[in-house]
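Have a look; sequence and predicted model below, questions after that.
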Amino acid sequence: MSTAISKEKTLADFRPFRPWRYDTQKVKADNVIAPPYDVISPAEQEALYAKSPYNCIRLILNKVDATDDESNSRYTRARDFFAAWRKDGVLVQEEEPSFYLYQQNFRDPRDGKPRSRSAFLGAIHLEPFEKHIVIPHEKTLAKPRADRKKLLEATQTNFSPIFGLYEDTQNQIVPLIKTLESEPVLFSAVDKEGVEHTLRALNGEEAVNLIRQNLAAERIYIADGHHRYTTALEYALEKKKDSSDQPSDFVYMAVVCFHDPGLVLFPTHRLIKNLASFEAEKVLSALETYFSVEKTAPEKIMPVMNANTSDLPWLGLVIKNDGYVLKLKDAATARAAMLPAKPDIWYSLDVNLFAHLILKSVFGLTEETWEAHLAFTHSDREALEEARSGKVQAAFMLKAPNVTVLREMGKVRELMPQKSTYFYPKLASGLLFFHHGEGSIGTGPT
């Protein structure tokens, strides 16, 4: 039976492509991959620079120099490195359009158990969010959008995949994964956290058609990469010349099924900093407007919160050496203090309770100023240490969200605050590079 999807029913236009990749005869894959740009600390940037002269850090997050100007900057250096590596044969382009099976094998940091996550890599047609084909769940910030825009303009290349989720409504895509694991490994690499990244090229006509046609019946929910997707969309609209498809109309994406057993989400704790006035007693008193504030040992906060089975969400708080569990008193009272006319799920999210009941109501911060007073960590230990040391004024602890919240928020077309989700492990940069050259995109759904 044909799995063709009619043009009228097409949602996601996910296509095979001809990316550039490292020639593993010339470099060792372990030495050239890197995490996404936005989770790389200055110390890790230095370590990746030292690891190999061809590490992709020089492309995704080139160092800033004090003498930088418009003609010589981190973006032009990335462009020049990419051009030189292609000229020297360090990077080679695939001969035919392909999808790629990308698998990450790792131990879950929460329980130490082995897990595996599977994605298909390809190029997806950029769609405005209002079309409800590619669906965001987080707000973006102007500064990182501008940074990624400059890199894209200079290089005309996507160096790292957007992380997308699909539902596999036809139950055709996920069963394909097991059969494709027999394909030869293109290369594999192990990162500093011990995560194994394995890549297989898929260019057989049957597999390519099955992936392409079944993804055409899917909506794609962005799990990670909102800034890069938004930037790529803006760039594509600027470059658009006519109604025909061109490479800049697409962006490099990894798509993972919502039901993949390797989907692991970490909490994203909020750290308060740089408030001109912060008095613990006044903060605790103000919190009691909406929360029951119960003191506990800081180390017990997350176990207590994770054991919560009530319908009302709880948050944790650490100030110096003191810990507290914040239990929402009344959902109706909280709702009245937040934005009006939102769907029910929006009012139930702890990130929104924190934003509106704490940042706005307790600290009096407007949304435009949040970025200046917030830092983030996914580590319980780091949150406690930052608060105890006084490096931050307070650490608010949040539970890890369930992956289904992305789908539910997408259905009601609502966005969460930035840094609301953190998937582990991160997708590697350096596996493939999608340059917007002629012939870099395969055909669409039939």
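Sure, I can see it. These numbers come from a predicted model, not from an experiment.

quick one: terminal-to-terminal distance for stretch 18-38?
26 Å (C-alpha to C-alpha, to the nearest Å).

Mind listing what's buried along it?
Under the neighbour-count criterion of 16 or more other C-beta atoms under 10 Å, stretch 18-38 has 18-22, 27, 29-30, 32-38 buried. Just so you know, the C-beta spots here come from the backbone N, C-alpha and C atoms, and that holds for glycine as well.

any idea which strand is longest in this structure?
For the chain, the longest strand by residue count, based on DSSP state E, is strand 114-125.

what about the closest residue to residue 154 other than its chain neighbours, which SS state?
In this structure, residue 154 finds its nearest non-sequential neighbour in residue 75, 3.9 Å apart by C-beta to C-beta, 6 or more residues apart in numbering. For residue 75, the reduced secondary structure class is helix; criterion used: DSSP: H, G, I helix; E, B strand; the rest coil.

what about residue 75, distance to residue 58?
Using C-beta to C-beta, to the nearest Å, one obtains 12 Å as the distance from residue 75 to residue 58.

who has more neighbours, the two?
Under the neighbour definition other C-beta atoms under 10 Å, residue 75 and residue 58 were set side by side, and residue 58 has more, 22 against 19.

How much space separates the closest residue to that one other than its chain neighbours from residue 62?
Of all residues beyond its chain neighbours, the one nearest residue 58 is residue 81 (4.7 Å), with distances taken as C-beta to C-beta, 6+ apart. With distances defined as C-beta to C-beta, the gap from residue 81 to residue 62 amounts to 8 Å.

cool, residue 213 as well?
In this view, residue 213 and residue 62 are 39 Å apart by C-beta to C-beta.

So which of the buried residues of stretch 18-38 is the closest to residue 254?
For these, the closest approach to residue 254 (C-beta to C-beta) belongs to residue 36, at 11.2 Å.

in the stretch 151-300 of the chain, which spans are strands?
Residue ranges of the strands in the stretch 151-300 of the chain, as given by DSSP state E, counting those that start in this stretch, are 157-158, 162-166, 187-190, 196-202, 220-224, 250-257, 264-266, 269-272, 291-296.

Do you know the pLDDT at the residue nearest to residue 154?
According to the per-residue confidence, residue 75 scores 97 in pLDDT.

so what's it up against?
When contacts are counted by C-beta atoms under 8 Å, 6 or more residues apart in numbering, residue 75 is found next to 62, 150, 151, 153, 154, 155.

hang on, the earlier thing: you'd agree the residue nearest to residue 58 is in a strand?
No. With three-state DSSP as the criterion, residue 81 is located in helix rather than a strand.

quick one, what contacts it?
Residue 81 sits next to 58, 59, 62 when contact means C-beta under 8 Å, 6+ apart.

Same question for residue 77.
Residues 58, 62 are the ones in contact with residue 77 under the rule C-beta under 8 Å, 6+ apart.
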